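Peer 1: Please work out how this folds:
(4 chains)
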2 protein chains.
Amino acid sequence: MSKVNSLHSQSKVYIGIVHQLRDMISKDGLKQGDKIPSERELSERLNVGRSSVREAFRALELLGLIETRRGEGTFLRDFRDHHLIDLLGMFILQDQKAQDDVKCTKTMIEKEALRTIFCQKLDVSGLITKVAENKGTLTWREIVEDIILVSNNYLSHRIWNVLNDYETLIIGEKKITPEIKEKLLNLLQGLEKQDKETVQTAYKQISEISDRELTNSNIFL
Amino acid sequence: MSKVNSLHSQSKVYIGIVHQLRDMISKDGLKQGDKIPSERELSERLNVGRSSVREAFRALELLGLIETRRGEGTFLRDFRDHHLIDLLGMFILQDQKAQDDVKCTKTMIEKEALRTIFCQKLDVSGLITKVAENKGTLTWREIVEDIILVSNNYLSHRIWNVLNDYETLIIGEKKITPEIKEKLLNLLQGLEKQDKETVQTAYKQISEISDRELTNSNIFL
DNA sequence: AGAAAAAGGTGGTCTGACCACTTGGATTCT
DNA sequence: AGAATCCAAGTGGTCAGACCACCTTTTTCT
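Peer 2: Got it, this is the predicted structure:
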């Protein structure tokens, strides 16, 4: 009984429920979109009050990890869908230093991804095709995300996503101009041909172009 | 009345409360450490049930935005102290690949910190003294943390901390052997003398030593 | 004055009661 | 039989009230 308190000795019940939930998810192999036991059932199963279950649910909901639908139930959400950033942005927006940190860290991840792709000679031919054939539907985010995905570090990808969300919230979406597209192709081809110089130059150029636009956007803040 | 629902038409009350809280914080100029009105008071002021206030509080608490102390009250936390990543980690980092990703990402942050320190010629003399005079009380974590702090990217620091916690949990704490201490001093002095070669060599050596020990530890997993 | 006890405030939790909404099966109509 | 309707059960959303445990402050007792 009351596994909630036995395993994770923390005081708060709702924290215990969060942990239980996580265990339950991994043990039962629940995937995104699957249904989670109802509040009432959980409260019985775990010997806790329904309100405590709700507290845990609401916390996870705000984090974007679950989704509740009135009259239907509670469901696991696609982890990629987090709206963490709305929240964070809502509370942190003011801090200029934090914004700089976000930019630095994001850049770091991007560079590292490029480095990894370069050093491990990972295949980017698909990406080149994608960019080359693009007819305007491609977003900047999508491309950079693809690049990071090729580098095959899911964690970095997640962090980058969070940071990008945050930045987008403040600055807005970056557009792909023909100019950027060209540099982007240079960069990708540089990766493919193992041409370090080209990659570095292209990346630097893209950064400069972006910064130029960012500065413009910033005026309005 | 019920400002909660009037302004932000969203259905859920607790979401409205989160927004109200945000407004309240910026309007009253609350800083980290300041006390937030009690659950009972808020529930009266906003014409909502106390349980709804609690749901909002628990969500913000899990996000690390507020802190509650039984018998005392609820307080604002350092916004930059969010444990977003902890949460993500808790739910996402479960397999071997994820662990590799953690190591890569952690290394990336460390390297970037070194790069920043090197390029911006930041001062590490204090660190050198600290390491040199160390009488065994210094932990590996502390040193690397200091290095990252010198690079002055708080966000990276937070992420690194989380990743390090995660790794420590799985692998255990790294010790500082005389061998590592020596390489560490080389590295720091390299930074100070703007000697790129020394820094790179030292970092590589330290990595190798660490990996050797990590491999040993891993046997027991 | 100092120590001990009581009072008041605060978060932590549970219970029970409604409400609003969705769903699916039973009922009714054609 | 088939289609449209209705209704009961299940689920989340919210509230009110009751305790408990804990901390601080005040009062009381010595």
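
Peer 1: so how far is stretch A:126-140 from its chain's centroid?
Peer 2: 21 Å (CA atoms, centre = their mean, to the nearest Å).

Peer 1: Which residues does that stretch contact?
Peer 2: A:143, A:146-147, A:150, A:173-176, A:180-181, A:184-185, A:188-189, A:192 (CB atoms under 8 Å, 6 or more residues apart in numbering or on different chains). Glycine gets a C-beta too; all of them are placed from N, C-alpha and C.

Peer 1: try 6 Å this time
Peer 2: Residues from elsewhere that reach stretch A:126-140, judged by CB atoms under 6 Å, 6 or more residues apart in numbering or on different chains: A:146, A:174, A:176, A:184-185, A:188.

Peer 1: same question for it, mean pLDDT?
Peer 2: Averaging pLDDT along stretch A:126-140 gives 81.

Peer 1: Surely A:Leu30 forms part of a strand?
Peer 2: No - A:Leu30 is assigned coil when assessed by DSSP: H, G, I helix; E, B strand; the rest coil, not a strand.

Peer 1: From A:Met24, how far out is it?
Peer 2: 7 Å (CB to CB, to the nearest Å).

Peer 1: again with A:Arg58
Peer 2: A:Arg58 is 18 Å from A:Met24, by CB to CB.

Peer 1: what's the residue of chain A found nearest DNA strand C sitting at in phi/psi?
Peer 2: Relative to DNA strand C, the nearest point of chain A is A:Gly71 (2.5 Å; CB to the nearest atom of the strand). In terms of degrees, to the nearest 10, the main-chain angles of A:Gly71 are phi 80, psi -10.

Peer 1: which SS state does the nearest residue to A:Arg77 once chain neighbours are set aside fall under?
Peer 2: Once flanking residues are discounted, A:Arg77 sits nearest to A:Glu67: 4.7 Å by CB to CB, 6 or more residues apart in numbering or on different chains. Three-state call for A:Glu67 (three-state DSSP): strand.

Peer 1: What does the pLDDT read for A:Glu67?
Peer 2: Looking at A:Glu67, its pLDDT reads 90.

Peer 1: So the most centrally placed residue in chain A: helix, strand or coil?
Peer 2: What sits nearest the mean C-alpha location of chain A, by CA atoms, centre = their mean, is A:Asn161, with 2.9 Å. Using three-state DSSP as the criterion, the local structure at A:Asn161 reads helix.

Peer 1: contacting residues for it?
Peer 2: Taking CB under 6 Å, 6+ apart as the definition of contact, A:Asn161 has no neighbours.

Peer 1: Please report the distance of it from A:Leu76.
Peer 2: Distance from A:Asn161 to A:Leu76, by CB to CB: 18 Å.

Peer 1: A:Arg22 too?
Peer 2: From A:Arg22 to A:Leu76 the distance is 11 Å (CB to CB).

Peer 1: So between these two, which is more surrounded?
Peer 2: Remark: of A:Arg22 and A:Leu76, A:Leu76 carries more neighbours, 19 against 16, as counted by other CB atoms under 10 Å in any protein chain shown.

Peer 1: helix or strand for A:Phe75, which one?
Peer 2: strand A:73-76 (DSSP states H and E).

Peer 1: quick one: that strand near DNA strand C?
Peer 2: No - for strand A:73-76 and DNA strand C, the contact criterion (CB under 7 Å from any atom of the strand) is not met; the two come no nearer than 8.8 Å.
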